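*Asks:* fold the following, please.
(chains A and B)
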Amino acid sequence: MTAISSKLSTGKNDLSLLFKKLWAPFSLTPMLSWLCGALIAVLLEQTVGLYVAWTLGLPKIPVLFGVLIMLETPILFPSAVLYVLIIYILPVALIAWLTTSLANNLAGRLLDLQSWLAVLVHLALFYAVLHLWAEINDYRVLVVRLTLISIILTLSLNVVNGYMGEFSCSHPGFMALGAYGASVFTLALFTDDRTFGAPLLPAQLGVLMFPLSLIFGGVLAALGALIIAIPSFRTRGDYLAIISLAFMFIVKSLIENLDFVGGPRGLGGQPDWANLPTVFAWTAICIWITNNFVRSTLGKALNAVRDDETAADAMTVNTRQTKMVAFLFAAFWAGVAGGLFAHVLRYVNPGSFGLQKLAEILAMLYFGGLNSVVGSIVGAVSFNLVSEALRPLEIMKWIIIPVIFILVMIFRPTGLIAFTEFNVVNWIRPKNRIAE
Amino acid sequence: MSLLRVEHMTHYFGGLRAVNNYNLTVEPGQIRGLIGPNGAGKSTVFNLITGLYKPTEGRILLDGEDIVGRPPYQIAAMGLGRTFQNLQLWRHMTVLEHIKMARYSKITYGLIGAFFGTAQRQREEADIEAKAYSLLELVGIGYLAEQNVTNLPYGALRRVEMARALATEPKILFLDEPTAGMNPEELGQMMEIIRRVHRELNLAIFLIEHRMKFVMELCDIVQTLVFGEVIAEGTPDIIQNDPQVIEAYLGTEVET
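*Replies:* This next block holds a predicted model:
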């Protein structure tokens, strides 16, 4: 028994040693190098990806890093691995290693110039990578957009369930309000459709007004949140969970019974305005604002309310107002996410904003980690990618994903990355400089 | 005008009369003590004045303004800071964040500043941080600023609470058993800190304490509370020799 366990532990040590050895050349590699590497990799995929795939015996470019192909036709497993190695891993590693010192220099200069400029440059580079990667086919574009929307949802729920420590279940409800609000806004004002008739304003104006329609949806969701917030923040406890759950069902059946938005049949024909750059921009703005908020003393008041409300009260924190603001803030972003969601799918029906959606959002949140912006991003991205990658398994997918969650809850009860601060400048700093 | 004036305050928990006809005046710069056996209602008096409970009867005037019925955060912002008997700290926050949080009511950058990180916000946060550091130095734990409170020893946590209460810029500071669970060395340090705070910030202090030595050395006037009623009030010397006080603490001698 001891022999086995010692063998196991040495095996683990060997593995981590191997990782350390592999990582050693990259210990000083800044984010800028990685992004450059990724850019080269996606360019490579655009130009020669298809030929590489054919040479390896793959029918087409693997859409999600070859996972789908591995699961559908296991015989192509080695080819898929080789493809990922040739197209992604080797170029990224090579470029990152080659540009390390140059990129460190450049990143340092950018950061010294203006930190916001450095952030923007990195963001633009990241967007370029994402755009080029997604451009290969429509499926990727769809997955990326839905993933970005999930990030907004998860992050906004994290403000309530993580930072504030309450338990809210009404996010699908807010999302529905936002989705329908924004849809009605664009359909009635800018498009010629059978529900609302001729457009009231010229359609060309619509693209410019799209942010307004999203904000309209968000504000509608925030108004809905006000209905929950007024009674449930008088006291502490499970009230919010119950009232918000009820709210979700009320919104759903309300929409089902509203004929002018199509009732249970749903509402379709939204213009295709929620393209990749738009969704990306909104997600970036959401992350930026939320991160600003939770790192300010006003936002830290949420943590104070969560950890000890009496003490917060005695230290001049207006606890009720703090809770209301956070809840309305979260609802607003859920509404914006709903509006984007409606314009990505170009069809909404009340059925998509039920318990299933709630379970998904909660899963992403708790998987990623409470009280952490990075956690929410990681949770949303990994949940979406895993659930897309396991699609060929059909029904088995819904056994494997919960098992993964149970394992995470056992080994990391607070989620993958919980209770951390997201300092962007630290992420993009040149690695030959010490962290702040 | 007195800084704090409590007149005929009475409070019932259901049918139980926890505090009966309690009166108090605190002058600026005074240190007053409240002693009494366990369950006498000392903490209830604190919670009533700080607004956690609303008294059934009576008036509480802070700087001449009636504060009965106001929420605790307003009372605190008006200049009544407090610490808690069993430490009530925020377990996921660092020491520095604790002190910064207590300046919540002084923040003027608002939600716009919080959301968009305006220049005003950067300025104010830097300002708050500088003030927080100076308070931490005052209570002698500046070197612990970046630590999470769950990693700190007990004595340091008491100081964090003290600094946090001071950060609200109180005119009067309520200390609920500031030395509970401390060893003699920490006790001496705490006494020194209270003296220093009193001297440098010119605060009035109202404290609950069990240790007679502590109360007798620090306080100008001491009240003794038994079963919700003040049975004796006066200078430490008078209180120490008051037969009623001795009886309340030690009981009466049995006639043999």
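
*Asks:* list, one by one, the residues from chain A near chain B.
*Replies:* By Cβ under 8 Å from any Cβ of the partner chain, the residues of chain A that approach chain B are A:289, A:292-293, A:296-301, A:303-304, A:306-308, A:310-319, A:325, A:371, A:419. Any C-beta I mention is one placed from the backbone N, CA and C, and that applies to glycine too.

*Asks:* for the closest residue to residue B:121 other than its chain neighbours, grab phi and psi.
*Replies:* Using Cβ to Cβ, 6 or more residues apart in numbering or on different chains and skipping the chain neighbours, the partner closest in space to residue B:121 is residue B:113 (3.7 Å). With angles defined as degrees, to the nearest 10, residue B:113 sits at phi -60, psi -40.

*Asks:* what's around residue B:113, how many residues?
*Replies:* By other Cβ atoms under 10 Å in any protein chain shown, the residues close to residue B:113 number 22.

*Asks:* show me what contacts it?
*Replies:* Counting by Cβ atoms under 8 Å, 6 or more residues apart in numbering or on different chains, residue B:113 touches A:296, A:298, B:120, B:121, B:124.

*Asks:* quick check: phi and psi at the first one.
*Replies:* Phi and psi for residue A:296, reported as degrees, to the nearest 10, are phi -80, psi 160.

*Asks:* grab the nearest non-local neighbour of it.
*Replies:* Residue A:296 sits nearest to residue B:114 (Cβ to Cβ, 6+ apart), 4.2 Å away.

*Asks:* settle this for me: the one you found is touching residue A:300, isn't it.
*Replies:* No - contact criterion Cβ atoms under 8 Å: residue B:114 and residue A:300 do not qualify, at 10.0 Å.

*Asks:* from residue B:168, how far off is residue B:120?
*Replies:* Separation of residue B:120 from residue B:168 (Cβ to Cβ, to the nearest Å) stands at 22 Å.

*Asks:* ok, these two, which is more surrounded?
*Replies:* residue B:168 (25 against 13).

*Asks:* that one contacts residue B:74, doesn't it?
*Replies:* No - using Cβ under 8 Å as the test, residue B:168 is too far from residue B:74 to be in contact (11.7 Å).

*Asks:* count of residues packed around residue 83?
*Replies:* Since you didn't name a chain, this refers to chain A. Close neighbours of residue A:83, defined as other Cβ under 10 Å, add up to 24.

*Asks:* actually, chain B is the one I wanted.
*Replies:* Residue B:83 has 25 nearby residues by other Cβ under 10 Å.

*Asks:* what sits against the residue nearest to residue B:235 when sequence neighbours are not counted?
*Replies:* Of all residues not flanking residue B:235 in the chain, residue B:221 sits nearest, at 6.3 Å (Cβ to Cβ, 6+ apart). Applying Cβ under 8 Å, 6+ apart, we find residue B:221 in contact with B:30, B:32, B:33, B:233, B:234, B:235.

*Asks:* kindly report the same for residue A:370.
*Replies:* Per Cβ under 8 Å, 6+ apart, neighbours of residue A:370: A:158, A:161, A:162, A:163, A:414, A:415, A:418, A:419.

*Asks:* give me the buried subset of those.
*Replies:* Buried subset of these (neighbour count, 16 or more other Cβ atoms under 10 Å in any protein chain shown): A:158, A:161, A:162, A:163, A:414, A:415, A:418.

*Asks:* min pLDDT across those residues, which one?
*Replies:* Confidence by pLDDT is poorest for residue A:414 among the buried ones among the contacts of residue A:370, given 84.

*Asks:* for it, which residues are in contact?
*Replies:* A:369, A:370.

*Asks:* contacts for the least confident helix or strand in chain B by mean pLDDT?
*Replies:* The weakest-scoring helix or strand in chain B, judged by mean pLDDT, DSSP states H and E, is helix B:243-250 (a mean of 83). Residues from elsewhere that reach helix B:243-250, judged by Cβ under 8 Å, 6+ apart: B:36, B:37, B:224, B:226, B:231, B:232, B:239.

*Asks:* please apply the same query to stretch A:243-262.
*Replies:* Against stretch A:243-262 from outside (Cβ under 8 Å, 6+ apart): A:168-173, A:176-177, A:180, A:183-184, A:195, A:224, A:227-228, A:231-232, A:263-264, A:267-268, A:349-350, A:353-354, A:358.

*Asks:* how is the chain divided into domains?
*Replies:* Unless you meant another one, I'm taking chain A. A:22-134, A:138-427 (automatic domain parsing).

*Asks:* ah, no, chain B please
*Replies:* Taken from automatic domain parsing, chain B resolves into B:1-79+B:170-256, B:88-168.

*Asks:* least reliable of these by average pLDDT, please.
*Replies:* Looking at these, the bottom one is domain B:1-79+B:170-256 with a mean of 90.

*Asks:* from the chain's centroid, how far away is that one?
*Replies:* Chain-centre distance of domain B:1-79+B:170-256: 9 Å, with Cα atoms, centre = their mean, to the nearest Å.

*Asks:* with that, I have no additional questions.
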